[in-house]
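Undergrad: using only what follows, build the 3D model:
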Amino acid sequence: MLKAALLSLQIDHVRILQSRYEQVLADQGYDSLLISSGAAPKRFGDDQSWHFQGYGPFVHWTGLTGFENSWLLIRKGHKPLLSLHQPVDFWHANLELAQEPWLAEFELRFSDNHSAPGLDSVSRTAVIGDPSLLADVSGEHNPDALFDGLNETRVHKTAYEIACMAHANELAVTGHRAARNAFLAGASEFEINLAYQHATQQREADAPYHSIIGVNEHAGTLHYQYYDTAAPAKSRSLLMDAGVRYRGYCSDVTRMTAGVGEGRFGALVHGLETLQLRLCSMVGPGVDYLDIHRKAHLGIAALLSAAGLVSGLSDEKMVSEGVTRVFFPHGIGHFLGVQVHDVAGKPISPPADAPFLRLMRTLEPGMMVTIEPGLYFIPSLLEPLLSGALGHHMNRALIEELQGCGGIRIEDNVLVVSSGFRNLTREAEA
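TA: Sure thing, here's the model as predicted:
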């Protein structure tokens, strides 16, 4: 049922994109657009290539993340021309293209070379993609004025995109459950990663981003990238930030698990989850995303006070003096789509009190965002606070006790709808 519905929705998706792109091209004075899928570059001084994942606009149209050196030509009044590279090669296998109904919306060609398709009967063509692959292609390369309009076509998700990301959340939730069980059974970070991959049936290289799997103090490194192969003597906490890519679309989910006997830390996890759900409920049309971020800081302040980590300061004072930024140094979230940090999120720069916020827009129906508050014990951020003028307000003993748990982050993928929001991650967990 899921696949049948998706195949029907994908046809509508392609037609919507045709209309959106034609409008952008007309606004910018182009009659055609050539999109490169990209290609994996060789590593310097080596004959091995980096792992390939397709260029965002190409994936937006096709969902095909693995076809290198391929091209998509968009013209007003014509079917999109999809030219897929399939070389004659006995070293590597060519990707097989599933014969699905959406392909009837395209003029489909296969080519055994890297060349772009010929551009007949066009007067002004824009070409977008990795500049290193465009040198011999005629047309205006990566025009800045065009990108804003093209990026905007990805802001409001079609029904097809929403369905893909909902299923990507279902797959990710399955993986997170397997990872949690492995952690509670005493697994190492490496073994937890294997449990996640097995449950999601996704190679690590094909995931939308490198999974963050931090046990104990590693949970305090926001993008912790290494996996210990041996479990610690006592596993106190697990922070896992991991997603799944489905038909080109990403999920981005973070879950936190307190170890056995970690009652104090477990209570802090529960408190942050309560705050996170409250922030998710703020999502809706007309809401300034920055307001959610700022509300998160007030919530973190209240949690620090309730947990006894900070005393003698009001919530507002903790925020204005930068105390909450020590414990919650990143932004509340970002757009999500064919890229994890999807495009068009910052038409204006973030303010000084939220320098790492990746989304500065008023929310509208069809936008897909993440909501991911955190509370961390990061030594390099804590040390100046503890030794500074406000240090006497900090519960040093409790902070030192909890530093071994690293930190907490909880993240859901939330769709803005006309009536408010849909939390795709919690729907998948239900």
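
Undergrad: measure Val343 to Asp315 for me?
TA: 35 Å (Cβ to Cβ, to the nearest Å). C-beta: built from backbone N, CA, C; applies to glycine.

Undergrad: contacts only, for Thr324.
TA: 297, 300-301, 304, 318 (Cβ atoms under 8 Å, 6 or more residues apart in numbering).

Undergrad: all helices of the protein, in order?
TA: Applying DSSP state H to the chain gives helices spanning 2-28, 56-62, 144-152, 159-184, 189-200, 263-280, 289-306, 315-320, 323-327, 379-387, 396-403, 424-429.

Undergrad: re the thing from before, quick check: the farthest pair among the contacts of Thr324?
TA: His297 and Leu304 (10.5 Å; Cβ to Cβ).

Undergrad: which stretches of this protein have low pLDDT?
TA: 1-2, 121 (pLDDT under 70).

Undergrad: cutoff 80 now
TA: The chain contains residues with pLDDT under 80 at 1-2, 119-122.

Undergrad: any idea which residue sits dead centre in it?
TA: Val340 (2.1 Å; Cα atoms, centre = their mean).

Undergrad: look up how far Ser211 lies from it.
TA: Taking Cβ to Cβ, one finds Val340 at 12 Å from Ser211.

Undergrad: and what of Phe67?
TA: According to Cβ to Cβ, Phe67 and Ser211 sit 24 Å apart.

Undergrad: now do Lys234
TA: The value you get for Lys234 to Ser211, if Cβ to Cβ is used, is 23 Å.

Undergrad: cool, Phe356 as well?
TA: 21 Å.

Undergrad: looking at these two, which is more packed in?
TA: Shown here are Phe356 and Ser211; by other Cβ atoms under 10 Å, Ser211 has more neighbours (22 against 12).

Undergrad: skipping adjacent residues, who's closest to the more buried one in space?
TA: Ala242 (3.8 Å; Cβ to Cβ, 6 or more residues apart in numbering).

Undergrad: near the one you found, how many other residues are there?
TA: 27.

Undergrad: identify the residues contacting it.
TA: 172, 175-176, 179, 196, 207, 211-213, 253-254.

Undergrad: considering those residues, which is situated nearest to Glu189?
TA: Of these, the one sitting nearest to Glu189 (Cβ to Cβ) turns out to be Ile213, at 4.8 Å.

Undergrad: who are the contact partners of that closest one?
TA: Counted by Cβ under 8 Å, 6+ apart, Ile213 has contacts 179, 189, 192-193, 196, 224, 227, 238-240, 242.

Undergrad: and Gln99, how far from Pro117?
TA: Per Cβ to Cβ, Gln99 is found 21 Å from Pro117.

Undergrad: more neighbours: the two, which one.
TA: Pro117 (16 against 7).

Undergrad: not counting sequence-adjacent ones, nearest residue to that one?
TA: That would be Ser83: by Cβ to Cβ, 6+ apart, it lies 4.8 Å from Pro117.
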